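> one predicted model, sequence on top.
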Amino acid sequence: MPSTQDSHYLEREVEIRNPDGLHMRPAMQIVDCASRFRARISICKNTQCVDGKSIMQVTMLAATQGTKLKLIAEGEDAPQAIEALALLIQNEKFDIG
């Protein structure tokens with residue numbers, strides 16, 4: 001894992017607020033959002049880290065309401081990616097279609 005001193009590497013902790021947790025629909029919203037960026041995106045729950053651009057891997061996190069996730073972005077647009085993902089996940093309307 002790269003040094004956090006690298007300006008193109010960012011981490012941010014977020015909490016799942018959706019009462020239904022991170023099921024297929026919100027997982028797809030995360031993957032869609034992450035895929036808009038060139039940065040490499042990882043999402044970690046405890047010691048389990050997955051590719052934020054893979055629907056199969058994101059759903060394997062099985063995160064319930066209140067779960068804290070660590071977002072990691074590495075690349076030139078890492079700041080924009082982290083901000084967009086954090087806003088999406090922490091929005092009270094996350095997963096409301």
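Nice, I can see it. Residues are numbered from 1 along each chain as shown.
> okay, CA-based contacts and neighbour counts for the rest of this
OK.
> okay, and residue 49 sits in which element?
strand 48-51 (DSSP states H and E).
> tell me the mean pLDDT for that strand?
For strand 48-51, mean pLDDT rounds to 98.
> next, the buried residues of it.
49, 50, 51 (16 or more other C-alpha atoms under 10 Å).
> tell me the mean pLDDT over whatever helix or strand comes next after it?
Using DSSP H and E, the helix or strand that follows strand 48-51 towards the C-terminus is helix 55-59. Across helix 55-59, pLDDT averages out at 96.
> ok now the helix or strand containing residue 88, how far from the chain's centre?
Using DSSP H and E, residue 88 sits within helix 78-90. A distance of 8 Å separates the C-alpha centroid of helix 78-90 from that of its chain, computed with C-alpha atoms, centre = their mean, to the nearest Å.
> can you give me the buried ones in that helix?
78, 79, 81, 82, 84, 85, 86, 88, 89.
> can you list contacts of stretch 62-77?
In this structure, residues lying in contact with stretch 62-77 by C-alpha atoms under 8 Å, 6 or more residues apart in numbering are 8-23, 37-46, 79, 81-82, 85-86.
> export that stretch as CSV, just CAs?
What follows is stretch 62-77, C-alpha atoms only, in CSV (Å, rounded to 0.1, in the frame of the first residue of the first chain):
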residue,chain,number,x,y,z
ALA,A,62,-22.2,-7.3,3.7
ALA,A,63,-22.2,-4.0,5.6
THR,A,64,-25.2,-3.3,7.8
GLN,A,65,-26.5,0.0,9.1
GLY,A,66,-23.9,1.6,11.4
THR,A,67,-21.0,-0.2,9.8
LYS,A,68,-17.9,2.0,9.4
LEU,A,69,-16.1,1.6,6.0
LYS,A,70,-12.8,3.0,5.0
LEU,A,71,-12.7,4.5,1.5
ILE,A,72,-9.2,4.5,-0.1
ALA,A,73,-8.5,6.3,-3.4
GLU,A,74,-5.2,6.3,-5.3
GLY,A,75,-4.7,8.4,-8.4
GLU,A,76,-4.8,11.9,-9.7
ASP,A,77,-8.6,12.3,-9.1
